[in-house]
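> What follows is a predicted structure for the sequence shown.
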Amino acid sequence: MNIERIGLVGRAARYAALADPVRLRIIDLLTLGDVAPVELQAELGISSSLLAHHLNLLEREGMLVRTRSEADRRRTYLHLAPGAFEGLVPSPAVGVRRVVFVCTGNSARSQLAAALWHDASEIPVASAGTHPADAIEPGAIAAADRHGLTLRASQPQALEQVLDADDYVITVCDTAHEELGRTGRLHWSVPDPVRDGSEVAFDAAFEDIAARIQSLAPRLTTTTKG
């Protein structure tokens, strides 16, 4: 079988995997953020065994990957696999007033996300922490500098001091997401660079967040507070 034929077979298998309303909805949700199976089951309203069937099929075709939560190792998160599909039109744009990125300490990932969003979109942005640290991590500041980006905040902020009812909340760490539950609109399971502390870890977090923002920003539009 030649390379072209292998490519056609692979594409056909991915289209077949999407030829089901439940699996297509799963992929739609994963284009926005990462989801735990238990959250997905509640969203879809199906049994755990049926969900497992759909997830196993999508995973077999290379359309999703699973990782362990850094907070609760018994928990897994589902991610859309890089290059899972091409040429499919994303869901319609969503109108939001402000985006708020949240992590636990508001000292690294959410700070980087807010700065990156500010450069990528005209939609207002803020960041906060569920348990804010005393200061922004030097590693985050250095990573931003290496990429020509300046962090906008001077110190971490508490979520309750920042959050408005109509904010579009994106959690960027597993601990914050699991603490907030449905308060968060989207979740991005970005590994904590502070635990490692290396330039490589901070750069990886920066690049992960930057890629997600590049994908999401065109899909959100500005709306005024009603």
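Looks like it came in fine.

> I'd like to know how many residues surround residue 74.
By other CB atoms under 10 Å, 6 other residues sit near residue 74. Every residue, glycine included, has its C-beta placed from N, CA and C.

> is it true that it lies in a helix?
No. Residue 74 sits outside any helix when classified using DSSP: H, G, I helix; E, B strand; the rest coil, being coil.

> so how far is residue 140 from it?
In this structure, residue 74 and residue 140 are 29 Å apart, going by CB to CB, to the nearest Å.

> What residues sit buried inside whichever strand or helix holds residue 140?
Using DSSP states H and E, the element containing residue 140 is helix 138-146. Residues of helix 138-146 classed as buried: 139, 140, 141, 143, 144 (neighbour count, 16 or more other CB atoms under 10 Å).

> give the contact list for the fourth one.
Read it as residue 143. If you count contacts by CB atoms under 8 Å, 6 or more residues apart in numbering, residue 143 has them with 112, 193, 199, 202, 203, 205, 206.

> Generate a ChimeraX selection restricted to the buried subset of these.
Buried residues within the contacts of residue 143, as defined by 16+ other CB under 10 Å, are selected in ChimeraX through the command that follows:
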select :112,193,202,203,205,206
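
> Would you tell me which one of the contacts of residue 143 comes nearest to residue 150?
Comparing the contacts of residue 143 against residue 150 with CB to CB places residue 112 closest, at 11.1 Å.
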